[in-house]
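**Student:** Okay, sequence plus prediction incoming.
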Amino acid sequence: MVDVYLPYIILCLFPGSNLDPLTAPPGSPIVRSRCIDRKDSPASPGSSPSQVLYTVVRSDLPHGVQVAQTAHAASEASGHPPTIVVALQVPDETTLRRIAEALGENSLTHQLIVEDAGPFAGQAMVIGIHPSTDRAAIGKVTSALPLVR
């Protein structure tokens, strides 16, 4: 096992093989993010965000690398310091929600992203775990999850 620093982890839900959760065509170099349903969102319920963050990723990279690099770009474009990104996956929404629950029970700061529009409206899509140096605490919840490949 390689000892790596895991400060920022993204758990991804992919409803089917090679299915982009934001409905972009498979292999599309543009990955878009929609408005998310968050408790702390500055936008009022049902409203759209005032800004849209776009990332552009190479389509010739392996899928897991695309996911991680997209997270890097979004984080840094938003003014956050560079971090190491680990992209993990779960098989379905129920499992994703269970992971979110376990993170909360372990007092790990995280954000469950719920899509607000389109074919995935109302579905939990991804969890962002706040950057941390406490790998053991995060590992209690995530150690059995596979990497996005």
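**Tutor:** Everything's here; your move. Numbers count the residues shown, from 1 in each chain.

**Student:** Pull the contacting residues for Ile127.
**Tutor:** Applying C-beta atoms under 8 Å, 6 or more residues apart in numbering to Ile127 gives the contacts Ile10, Leu11, Leu96, Ile99, Ala100, Leu103, His110, Gln111, Leu112, Ile113. The way it works is simple: take the backbone N, C-alpha and C, and place the C-beta from them, glycine included.

**Student:** pLDDT value on the second one, please?
**Tutor:** Going back to what we said before, that points to Leu11. If you check Leu11, the pLDDT there is 51.

**Student:** same question, the last one
**Tutor:** What the model reports as pLDDT for Ile113 is 93.

**Student:** what's across from it in the sheet?
**Tutor:** Val126 (DSSP bridges).

**Student:** Now do the strands in this protein.
**Tutor:** Ranges of strands within the chain are 8-13, 30-32, 54-56, 85-90, 110-114, 124-129, based on DSSP state E.

**Student:** and which of the contacts of Ile127 is nearest Val148?
**Tutor:** Ile10 (8.2 Å; C-beta to C-beta).

**Student:** What is the longest helix of this protein by residue count?
**Tutor:** Secondary structure of the chain per DSSP state H: the longest helix is helix 63-77.

**Student:** That one packs against which elements?
**Tutor:** In terms of contacts (3 or more C-beta pairs under 8 Å, 6 or more residues apart in numbering; DSSP states H and E), helix 63-77 is packed against strand 8-13, strand 54-56, strand 85-90.

**Student:** one more time with 10 Å, if that's ok
**Tutor:** strand 8-13, strand 30-32, strand 54-56, strand 85-90, strand 124-129 (3 or more C-beta pairs under 10 Å, 6 or more residues apart in numbering; DSSP states H and E).

**Student:** Where among these is average confidence lowest?
**Tutor:** Note on the helices and strands packed on helix 63-77: strand 30-32 shows the lowest mean pLDDT, a mean of 31.
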